[in-house]
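Enquirer: Prediction below, plus the sequence it came from.
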Amino acid sequence: MAQPILYSLRNCPYAMRARIALFKANQPVAVREVKLNNKPAEMLKASAKGSVPILVVENDLKSILIIEESLEVMLWALAQSDPDDLLRKDEPMALPSMLSLIARFDDEFKTHLNAYKCAKRYKENNLIECRQACEVYIQELEDCLSVGTADNQTNKTSYIISDQESLVDIALLPFIRQFAKVERQWYQQSPYPKVKQWLNHYLQSVMFTKVMTKFEVWNSTN
C-alpha cells in the first residue's frame, strides 16, 4: 500500500493538528506543502474544496480514501494506532464528550479568535473587547488545567480533561498558540499560568519541532 499523502500548509492550525495526530499515531505520510494561491492540480483533483489539510489514502484494494477535514484526519490516524490512548477507547462516553468540546471551540472560540486577530492587524478600536471574548474560553481551559494540578506540583504537566493527554489537547493546541501570538506581551503577563504552562509544554517538545518541520513547496516535479 502506498504511503498516504497529506496536502498541508505549515502554519495552518487545521493542518497542524492533523499532522500532530498523524505523528501521535506513528503514521508515516508524504507531506506535500502547498501555497493556497497556487494550488497544485493534484490537490484539486483529490478535493475540490481547495483547502488544507487533505489526506489521500490508497488502501489494499486500490481504492482511494479522501479525508478533507482536520478532525476527520485526526480520528482516522488514531483509529489506525493510538499508543497514548488519546481517544479513551475504554470509556464509551469519552469521545462524544471530547468531540462536543472541540466543536464548541472550533465554532465559537475560533470566531472570536479571528475577530481578535483582525482587530490587532488592522488596529481597530475594539481590540480589548475581542480579546475579552476569547478570554472566556481561555479561562475555561485555565479552570480545567487547574483542577488537574490541584496538588500544586508546579512542574507537573496537566491536560485539559484529566492528567492524561487526550484528543482535546492536540485539537485545541494550534488555536491557543494563535491566541498567544496576537498580543505576545499581554499574553506573557496574563492571569492564565496553567494555560501558559500547558502551551509551553507542547511548544518546547520534540513532537512539536518535528510536526513543524519546514518542507519545500511541493509540485509535481518534486
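Expert: Received, thanks.
Enquirer: going forward, measure contacts and count neighbours with C-alpha atoms only.
Expert: OK.
Enquirer: can you pull out the helices in the protein?
Expert: 13-24, 41-46, 70-80, 94-104, 110-121, 127-148, 167-182, 184-188, 193-203, 206-211 (DSSP state H).
Enquirer: can you put the ones you listed in a markdown table and add mean neighbour count, distance to Leu86 and mean pLDDT?
Expert: Below are those laid out as a markdown table (neighbours: other Cα atoms under 10 Å; distance: least, Cα to Cα, whole Å; pLDDT from 0 to 100):
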| stretch | mean neighbour count | distance to Leu86 | mean pLDDT |
| --- | --- | --- | --- |
| helix 13-24 | 24 | 9 | 98 |
| helix 41-46 | 14 | 29 | 95 |
| helix 70-80 | 19 | 8 | 98 |
| helix 94-104 | 15 | 9 | 98 |
| helix 110-121 | 18 | 22 | 98 |
| helix 127-148 | 18 | 16 | 95 |
| helix 167-182 | 20 | 5 | 98 |
| helix 184-188 | 12 | 28 | 98 |
| helix 193-203 | 17 | 15 | 97 |
| helix 206-211 | 14 | 15 | 98 |
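Enquirer: Can you say which of those helices is nearest to Asp60?
Expert: Evaluated with Cα to Cα, those place helix 70-80 nearest to Asp60, the distance being 14.4 Å.
Enquirer: How far off centre is the closest one?
Expert: Computed by Cα atoms, centre = their mean, to the nearest Å, the separation of helix 70-80 from the middle of its chain amounts to 12 Å.
Enquirer: what's the angle from that helix to helix 94-104?
Expert: Orientation check (axes from the mean of the first three to the mean of the last three Cα atoms, to 10 degrees): helix 70-80 against helix 94-104 gives 160 degrees.
Enquirer: Touching helix 70-80 from outside, list them.
Expert: Helix 70-80 is touched from outside by 14-15, 17-18, 21-22, 24-25, 27, 52-55, 67, 86-87, 171, with contacts defined as Cα atoms under 8 Å, 6 or more residues apart in numbering.
Enquirer: how near is the residue of the chain most remote from its centre to Gln27?
Expert: The outermost residue of the chain relative to its centre, with distances by Cα atoms, centre = their mean, is Leu61 at 30.9 Å. As judged by Cα to Cα, to the nearest Å, Leu61 and Gln27 stand 19 Å apart.
Enquirer: how does the protein divide into domains?
Expert: Split into domains by automatic domain parsing, the chain comes to 5-86, 94-206.
Enquirer: of all the ones you listed, which lies closest to Val217?
Expert: domain 5-86 (4.9 Å).
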